[in-house]
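Colleague: take this sequence and fold it.
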Amino acid sequence: MKKLFSILFLAYSLFAMAEAPRHTFSGTVTDASNGESLIGASVTVKELPGTGITTNGYGYFSLTLPDGQYTFVVSYLGYATQSISIKLDNNRQLNIKLEPNSTELDDVIITAQARNNNITSTEIGMEKLEVKEISKIPVIFGEADIMKTLKLTPGIKSVGEASGGFFVRGGNNSQNLVLLDEATVYNADHLLGFFSTFNSDAIKDIQMFKGTAPAEYGGRISSVLDVKMNDGNNQSHHIGGGIGLISSRLNAEGPLVKDKGSYLVTARRTYADLFLKLSPDTLINNNQLYFYDLNMKLNYKIDDKNRLFLSGYFGRDIFEFQDRFGIDWGNITGTLRWNHLWSEKLFSNTSLVYSNYDYRVDLSQDAGFSLHSVIKNWNFKQEFQLFANSKNTISFGLSSTFHTITPGQVETTEDSDFTPERLDDKNSLDNALYISNVWKPTSKLNINYGLRLSTYHLFGPGNFYSYSNGVITDTMTYNKAEIVKSFYHLEPRLNISYVFDAENSVKASFTRNTQNLHVVSNSTSSLPTDIWLSSGNNIKPEIGDQVSLGYFRNFASDRYQFSAETYYRSMENQIDLKNGADIFANEHIEGELLFGEGRAYGLEMLLRKKQGKFTGWIGYTWSRTERLIDGINNNNWYPARQDITHDLSIVGIYDITKKWSISASWVYNTGNAVTFPSGKYLINGNVQYYYTERNGYRMPDYHRLDIGATRTLKKTKKFESSLNFSVYNAYGQKNPFSIDFEQDEADPTKTIAVKTYLFTFVPSVTYNFKF
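Modeller: Residues are numbered from 1 along each chain as shown. Purely as a prediction, here's the structure:
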């Protein structure tokens, strides 16, 4: 036996001696011109095909390899590729600065590793937008807009003209998690959807997860939109902005300390209200209609292992009609983050995040009251990323969010007929633990698997009710911090991709998500007055399960990218309102709710060209979205309002010369589902309409062409300027905003459909500058 142990020990010693020592190559990848970290930059090893990694959300990477001589290829779309030869005989750390390319060099310098990332990555159902591309796409009023560009991609829809919010793979608008520097944005629209909350001058990175989002995201069952702000130029000071027909913007950025810290400030305001004041008509000049927003960010690199970020957003919309009616709403967010490098392999981020959304409806002049509602939260997050080896990258962490919902506060004037009322705040704690791993067992197979444990606790103080068929069955009073209801859920995540070759891959995914904050609304589009509710005695957490399968193919040296994805999503504990429900300042609103389930399925196809003078894409979606709610439509399945069967978008951008570029987008979709009257009858001489099935009719098909052109006036190292021209709805298509039914005055036996249109065509001119 002793001899056997000696043999085994000798064999182990020889094996250990034969195995080459392993060392780590790590660092950050930044833009050489401004110091911005490059998210998703590719770092590959020339001598080891299939071995590589992409930078994380802060531009950091880490690769552990056996001792040897390697050539590391660092690439990012739109930047000159760097090849770095290193003898890896100990741990090496290097901060890599990539030079931006000119347009003419893009096709020559961008490597295949960067171009075919859509083939090799595990992501399915993910859209990543380039800010430079967004700025060239024509939209209404000429303002570059993230949200409107996203709606031109498959699987992301809006309902009709000038509707706020967006709908992803059959989900409601409230089922989308929208983040700005990790802070939740509860209403991502300005002016009821004509503008988005996100000022493109302040934005660095946009990722939309329609399928399986990484395990660190949670709280919504439909999608995640993760928007990251620019850090600010840490090389030199710059001022830029734009002047448009109804809005202008201004931004400033520069170093606090060169190469170590920077600042960013962007501001934007519309001034349609200033034009109203020019009217001699007092019915017009006494109104207000505008919004403003402000983005600010500071960051400072303490040393090679520590960096701090502080960012904030402040935005508000104001609408007043002759001092008789007013509504204003807005978001406030703040994020404090600390990046720390524990070792070459272990990266961490610690965040303290604040979000606040509120609205106020003022009817004090006529009705003698105003209504105020608020939702706010404090969030603590601790995230770790362990670059274990070249085949495994492990992410794990925790999140704890304290929510406070003020569902309604009625304030009255002295002579009002209404009684002041304040509903109890609803307090809750939303906790999560997660772990995930990106595993590359072979050069062809990539697996991203993870698990998220979410817990949710609703707290007192206040009265909490239980209902049965809308009738109160029980009333319980809870003290402060006393738990009313708790929920626990496991949420698995799985992405698998198999790469046949450099141009072909298939991907599959499964995800489960839960949601404990819910929205009820009397409207189908997102309105600033939507009501937020918490899971509790009557409302169960929403649960969404989604499976998806996709095929990805590149052509012509990766200049063309094609994808086809199919999905099926099931949704539990879906919420709708009873007919005639009163949702404002209603203490018993939970008794006005109906519950059921939903399902959505579809096919999304996208052909994209990302290189050359001509770029753009063609996107098509076939989908169905249905609901089954107890008490609606005779308890039968019916189309959801956002059910749009066919959706087609074509986007093209062409750089004619160095000074001129033109662009166009054309959209077409079949009408969304809607409920129209099926007949009418008379009661005491008054016409009453009766309705049969829910959403049994369709709005007319929608189509629109937008065109744009950009003229570069001057471009030097010290000054840039350009003019952007655009026409929204260029051929003046009349797309109905709404359809109402009225009795024909000439023949009372007939009913006529009255269509309301918002726009025919809208021209815009914007002057942009930077120095």
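
Colleague: tell me the contacts of the closest residue in space to residue 478 that isn't next to it in sequence?
Modeller: Using Cβ to Cβ, 6 or more residues apart in numbering and skipping residues adjacent in sequence, the residue nearest residue 478 is residue 460, 2.9 Å away. To be clear about C-beta, it is placed using only N, CA and C from the backbone, and glycine gets the same treatment. Going by Cβ atoms under 8 Å, 6 or more residues apart in numbering, residue 460 touches 427, 477-484.

Colleague: with residue 263 instead?
Modeller: Shown in contact with residue 263 (Cβ under 8 Å, 6+ apart): 232, 252-254, 256, 296-298.

Colleague: what secondary structure does it sit in?
Modeller: strand (DSSP: H, G, I helix; E, B strand; the rest coil).

Colleague: tell me what it is bridged to.
Modeller: With DSSP bridges applied, residue 263 shows beta-bridge pairing to residue 254, residue 298.

Colleague: now do it against residue 58, distance only.
Modeller: Residue 263 sits 18 Å away from residue 58, going by Cβ to Cβ, to the nearest Å.

Colleague: now residue 488
Modeller: From residue 488 to residue 58 the distance is 32 Å (Cβ to Cβ).

Colleague: which one's more surrounded, these two?
Modeller: Taking neighbours as other Cβ atoms under 10 Å, residue 488 and residue 58 compare with residue 58 leading, 17 against 12.

Colleague: wait, doesn't that one sit right on residue 27?
Modeller: No: in this structure residue 58 lies outside contact range of residue 27 using Cβ atoms under 8 Å: 11.7 Å.

Colleague: my guess is residue 662 meets residue 616, correct?
Modeller: No: in this structure, residue 662 is not within contact of residue 616 by Cβ under 8 Å, at 11.2 Å.

Colleague: the residue nearest to residue 587 when sequence neighbours are not counted - how many residues pack around it?
Modeller: Distances taken as Cβ to Cβ, 6+ apart place residue 423 nearest to residue 587, at 5.5 Å, with adjacent residues excluded. Using other Cβ under 10 Å, residue 423 has 17 neighbouring residues.

Colleague: could you pull up phi and psi at residue 734?
Modeller: phi -90, psi 100 (degrees, to the nearest 10).

Colleague: which stretch of helix or strand covers residue 432?
Modeller: Assigned by DSSP states H and E, residue 432 belongs to strand 426-439.

Colleague: could you list the paired strands of the next helix or strand after that strand along with their orientation?
Modeller: Counting by DSSP H and E, the next helix or strand C-terminal to strand 426-439 is strand 445-459. According to DSSP bridges, strand 445-459 has the following sheet partners: strand 426-439 (antiparallel), strand 483-501 (antiparallel).

Colleague: which of these is buried the deepest?
Modeller: Ranked by average neighbour count under the criterion mean count of other Cβ atoms under 10 Å, the strands paired with strand 445-459 are headed by strand 426-439 at a mean of 19.

Colleague: doesn't residue 748 fall inside a helix?
Modeller: No: assigned with three-state DSSP, residue 748 falls outside any helix and is coil.

Colleague: quick one: buried ones out of the contacts of residue 263?
Modeller: Using 16 or more other Cβ atoms under 10 Å as the burial test, the contacts of residue 263 include 232, 252-254, 296-298 as buried.

Colleague: and the strand or helix carrying residue 332, C-alpha only, in CSV?
Modeller: Assigned by DSSP H and E, residue 332 belongs to strand 325-341. Extracted in CSV, the C-alpha atoms of strand 325-341 (Å, rounded to 0.1, in the frame of the first residue of the first chain):
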residue,chain,number,x,y,z
PHE,A,325,-56.7,72.5,-15.6
GLY,A,326,-53.1,71.4,-15.1
ILE,A,327,-51.0,68.3,-15.0
ASP,A,328,-47.3,67.9,-14.3
TRP,A,329,-45.1,64.8,-13.9
GLY,A,330,-41.5,63.9,-13.7
ASN,A,331,-38.6,61.6,-12.8
ILE,A,332,-35.7,62.1,-10.4
THR,A,333,-32.9,59.6,-10.2
GLY,A,334,-29.5,59.4,-8.5
THR,A,335,-26.8,56.8,-8.6
LEU,A,336,-23.6,56.6,-6.5
ARG,A,337,-21.2,53.7,-7.6
TRP,A,338,-17.9,52.4,-6.4
ASN,A,339,-15.8,50.2,-8.7
HIS,A,340,-13.2,48.1,-6.9
LEU,A,341,-10.7,45.6,-8.2
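
Colleague: now it: buried residues?
Modeller: 325-335, 337, 339, 341.

Colleague: which helices and strands sit right next to the next helix or strand along the chain from it?
Modeller: Once strand 325-341 ends, the next helix or strand along the chain (criterion: DSSP H and E) is strand 346-363. Strand 346-363 is packed against strand 183-184, strand 325-341, strand 369-389, with contacts defined by 3 or more Cβ pairs under 8 Å, 6 or more residues apart in numbering; DSSP states H and E.

Colleague: to residue 705, which of those lies closest?
Modeller: Distance to residue 705, taken as Cβ to Cβ, is lowest for strand 325-341 among the helices and strands packed on strand 346-363, at 32.1 Å.

Colleague: show me the contacts for residue 428.
Modeller: Contacts of residue 428 (Cβ under 8 Å, 6+ apart): 402-403, 405, 456-459, 516, 534-535.

Colleague: circling back: make TSV out of the strands paired with strand 445-459 and add distance to residue 220.
Modeller: Output for the strands paired with strand 445-459, formatted as TSV (distance: least, Cβ to Cβ, whole Å):
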stretch	distance to residue 220
strand 426-439	12
strand 483-501	12
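
Colleague: closest to residue 88 out of these?
Modeller: Comparing the strands paired with strand 445-459 against residue 88 with Cβ to Cβ, the closest turns out to be strand 426-439 (21.8 Å).

Colleague: and the closest one, average pLDDT?
Modeller: For strand 426-439, mean pLDDT rounds to 96.

Colleague: swap in stretch 567-574?
Modeller: Mean pLDDT, computed over stretch 567-574, is 96.

Colleague: list the buried residues in that stretch.
Modeller: Quick answer for stretch 567-574 (16+ other Cβ under 10 Å): 567, 569-574.

Colleague: okay, and which of those residues map to strands?
Modeller: 567, 569-574 (DSSP state E).

Colleague: before we move on, the earlier item: tell me the helices and strands packed up against the strand holding residue 332.
Modeller: strand 183-184, strand 306-321, strand 346-363.

Colleague: between it and strand 306-321, how many degrees?
Modeller: Using axes from the mean of the first three to the mean of the last three Cα atoms, to 10 degrees, the inter-axis angle of strand 325-341 relative to strand 306-321 is 170 degrees.

Colleague: so what's the gap between strand 325-341 and the chain middle?
Modeller: Distance of strand 325-341 from the chain centroid (Cα atoms, centre = their mean, to the nearest Å) equals 15 Å.

Colleague: now do that strand against strand 369-389, angle only.
Modeller: If you take the same axes, to 10 degrees, strand 325-341 sits at 20 degrees to strand 369-389.

Colleague: so what strands line up beside strand 325-341?
Modeller: Strand 325-341 is paired, per DSSP bridges, with strand 306-321 (antiparallel), strand 346-363 (antiparallel).

Colleague: sec struct for the residue nearest to residue 35 when sequence neighbours are not counted, please.
Modeller: Nearest residue to residue 35 in three dimensions, chain neighbours excluded: residue 234, at 3.6 Å (Cβ to Cβ, 6+ apart). Using three-state DSSP, the structure places residue 234 in coil.
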